[in-house]
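Student: Just to be clear, the model below is a prediction. Sequence and coordinates:
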Amino acid sequence: MSSRSERDKAKQLQEKCQSVLNALLRDEDNKYCVDCDSKGPRWASWNIGVFLCIRCAGIHRNLGVHISKVKSVNLDSWTPEQVVSLQQMGNSRARAVYEANLPDNFRRPQNDSSLESFIRAKYEHKKYIAREWVPPQLPKVDWEKEIEEEMEKQRRKKKTGE
């Protein structure tokens, strides 16, 4: 069984992840699903770094985890590395990468089967990807250290009666 301070640290880490995710969703580029343009995405593919609506999240799940790793923004637990992946990419950068070679007259599909075909072409077959793009290495993130320092500050404040 973990100690209370470990549980508190884990809780604060989740709160920080959730706070960053919510801030990312307020960003203009992330207010719409990266694939179909639906308003208010609540899902994300953290390895691709994009925000999705529930319908596109289901299609991404069908691609398999070797292509897309999907989580609910609100219902699932997140690691700092997963959140940083979304910070680094985001929907507008992902479109610039994965849709670099879309035809000028392209219109986003709306029905389920053509939407799935588009998503498969985009991420599985990389049909429209920018040829020069190289996925970035994820930086090592140490939010736990920040949280520990913050908790220690709070403990000292309580001790001194501030």
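Tutor: It's in. Numbers count the residues shown, from 1 in each chain.

Student: CA atoms for contacts and neighbours, from now on please.
Tutor: Noted.

Student: what sits up against the helix-or-strand element of the chain with minimal mean pLDDT?
Tutor: Using mean pLDDT, DSSP states H and E, helix 143-160 stands out as the lowest-scoring helix or strand of the chain, at a mean of 81. Helix 143-160 has contacts (C-alpha atoms under 8 Å, 6 or more residues apart in numbering) with K9, Q12, L13, P80.

Student: Tabulate those (a markdown table), appending pLDDT, secondary structure and neighbour count.
Tutor: A markdown table is the format used below for these (pLDDT from 0 to 100; DSSP: H, G, I helix; E, B strand; the rest coil; neighbours: other C-alpha atoms under 10 Å):
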| residue | pLDDT | secondary structure | neighbour count |
| --- | --- | --- | --- |
| K9 | 85 | helix | 18 |
| Q12 | 90 | helix | 17 |
| L13 | 90 | helix | 21 |
| P80 | 93 | helix | 18 |
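
Student: how close does C33 sit to D142?
Tutor: Separation of C33 from D142 (C-alpha to C-alpha, to the nearest Å): 29 Å.

Student: Between these two, tell me which one has more neighbours.
Tutor: Under the criterion of other C-alpha atoms under 10 Å, the comparison of C33 against D142 puts C33 first, with 24 against 10.

Student: so that one touches I54, yeah?
Tutor: No - assessed by C-alpha atoms under 8 Å, C33 is found out of contact with I54, at 9.1 Å.

Student: how about the strands of the chain, start to end?
Tutor: 43-45, 50-52, 70-72 (DSSP state E).

Student: out of those, nearest to E132?
Tutor: strand 50-52 (19.6 Å; C-alpha to C-alpha).

Student: If you count contacts, what does the closest one end up packed against?
Tutor: In terms of contacts (3 or more C-alpha pairs under 8 Å, 6 or more residues apart in numbering; DSSP states H and E), strand 50-52 is packed against strand 43-45, helix 90-98.
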